[in-house]
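Undergrad: Following is a predicted model, sequence given first.
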Amino acid sequence: MQDEYVSKDVQALKVFEWAAGAATLRMAYYGIKLGLFEAIVASPAGLTVEEMAERAPADPRYVLAWARTALAGELLRYDAASGRFTMAPYMDQLLLDDGDFQYMAGLATSSAVESRLADRIAECMRTGEGIPFAEYGHEMVESIHAFSKAAYELFLPSVLLPALPELSERLQSGGSILEIGCGAGAGLVALGRAFPECGVTGLDSDATSVGVARERIEAAGMAERVHAEEMRGEDLTSEDAFDFIYTQISLHEMDDARVVLANARRALKDNGVLLITEIRGPERIEECTGTYNAVLAHIDLFYEVPQAIAKGGHAVGFFSRAEIEAMAGEAGLRNVRELELDQPLYAAFVAGK
Ligand SMILES: C[S@@+](CC[C@H](N)C(=O)[O-])C[C@H]1O[C@@H](n2cnc3c(N)ncnc32)[C@H](O)[C@@H]1O
């Protein structure tokens, strides 16, 4: 059916814009991976193609093609008089600074991971098969880490913990903390830093993630009181052991979130607190519009759904508020409530025993 308000030319331009966006994201990946951005940032006056090629190092013919595409995509700027390229405003922070709250290198990296798996994903879409998490590889672990490191280092200490003042005060004098789905360990280090008197344990079902987490803990000099274990949340058997249990954007990935919540309840001390964060997704299909939801729904397609199917888990993206409240209630958790947070990305829920 023809849409009387949209011309074919406008739609054709849209397709071209998709291709340009995809090309630019790929240039971001090469710029990061080959150290081209780092070389440019290290030279405030910018670099010529030959200088970039020498410093990366990389072949100058490829670097020229890369630089032209990155210029067109507005990742770089070019000064014709000197022949030098510099980073476009803020791109150094957005793509290189993993301490920046808006650090987005993970989008470029995960898109490269997806490209490697594209045929496999197409086949899975046809057959209904899944892809185990481990098959996404080390780079996917790093891209999840890139996505969520700032949440651990900025959002957790400056927004989430202040919303739980009693717990935060109690933990300053000691206690035990558990993170379920600790991924690459940035949360364990952040929690270890926020509560220097506490023991912190992380568990994750993925061996690669646990290996990276252990390296990170070691590098932070916290190995005596911060530990990462390869274990599923479903296999947690602790009782009355933890003052604080945290799970960041992981509950939806568990094999069985209901079992994990029941285990978390049993593992909490009587006055313990469970804090769950999930990405705030659209609650209804008709709300699935715009750039943010395109990115989010796409993550479901190439990552959440295949790996959920592979392990017989929840074949959906992030849990909605209603789902979390219902599951936490069924697991016997009490006083389940959503924290009111002045930001659009994360939803956070607290519950007690
Ligand atoms: C989206 S990642 C988030 C990782 C980390 N919390 C972060 O924010 O970077 C979800 C994590 O849950 C882990 N996971 C999936 N199923 C699990 C299970 N049944 N038990 C424990 N961890 C699990 C995955 O291995 C992955 O590291």
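TA: Structure received. Numbers count the residues shown, from 1 in each chain.
Undergrad: Which strands or helices does the helix or strand in which Ser209 is found pack on?
TA: Secondary structure from DSSP states H and E places Ser209 in helix 207-219. Here helix 207-219 touches helix 138-150, helix 186-194, strand 198-204, strand 226-230, going by 3 or more Cβ pairs under 8 Å, 6 or more residues apart in numbering; DSSP states H and E. The C-beta positions use only the backbone N, C-alpha and C, and glycine is treated the same way.
Undergrad: Minimum distance to the ligand: which of the ones you listed has it?
TA: Closest to the ligand of these, according to Cβ to the nearest ligand atom: helix 138-150, at 3.4 Å.
Undergrad: Do the helix holding Ser209 and the ligand come into contact?
TA: Yes - on the criterion Cβ under 6 Å from any ligand atom, helix 207-219 is in touch with the ligand at Ser209.
Undergrad: Excluding sequence neighbours, find me the nearest residue to the residue in the chain that the ligand sits nearest to.
TA: Nearest residue of the chain to the ligand: Gly183, at 2.7 Å (Cβ to the nearest ligand atom). Nearest residue to Gly183, sequence neighbours excluded (Cβ to Cβ, 6 or more residues apart in numbering): Ser209, at 5.0 Å.
Undergrad: cool, and Thr24?
TA: Closest residue to Thr24 apart from its sequence neighbours, by Cβ to Cβ, 6+ apart: Gly73 at 3.0 Å.
Undergrad: what pLDDT does the one you found get?
TA: The model reports Gly73 with a pLDDT of 98.
Undergrad: How many residues are close by it?
TA: Using other Cβ atoms under 10 Å, the number of residues around Gly73 comes to 18.
Undergrad: And it, how close does it get to Gly21?
TA: Distance of Gly73 to Gly21, given as Cβ to Cβ, to the nearest Å: 8 Å.
Undergrad: and what of Leu34?
TA: From Leu34 across to Gly21, the span is 21 Å (Cβ to Cβ).
Undergrad: between these two, which one's more packed in?
TA: Leu34 (18 against 12).
Undergrad: Next one: Leu154 relative to Ala190, how far apart?
TA: In this view, Leu154 and Ala190 are 9 Å apart by Cβ to Cβ.
Undergrad: For those two, indicate the residue with more neighbours.
TA: The neighbour comparison of Leu154 against Ala190 (other Cβ under 10 Å) goes to Ala190, with 24 against 14.
Undergrad: That one against Ala150, yeah?
TA: No - using Cβ atoms under 8 Å, Ala190 is not in contact with Ala150; the gap is 10.2 Å.
Undergrad: what does this structure put close to the ligand?
TA: Those residues of the chain that sit near the ligand, judged by Cβ under 6 Å from any ligand atom, are 133, 144-145, 148, 180-183, 187, 203-206, 209, 232-234, 248-250, 253-255.
Undergrad: Quick check: Val212 touching Leu188?
TA: No - the criterion here is Cβ under 8 Å, and Val212 misses it with Leu188 at 11.0 Å.
Undergrad: These two: which has the busier surroundings?
TA: Between Val212 and Leu188, counted using other Cβ under 10 Å, the more crowded position is Leu188 (29 against 21).
Undergrad: give the contact list for that one.
TA: Contact partners of Leu188, counting by Cβ atoms under 8 Å, 6 or more residues apart in numbering, are Glu179, Cys182, Val200, Gly202, Ala213, Arg216, Ile217, Met222, Val226, Ala228.
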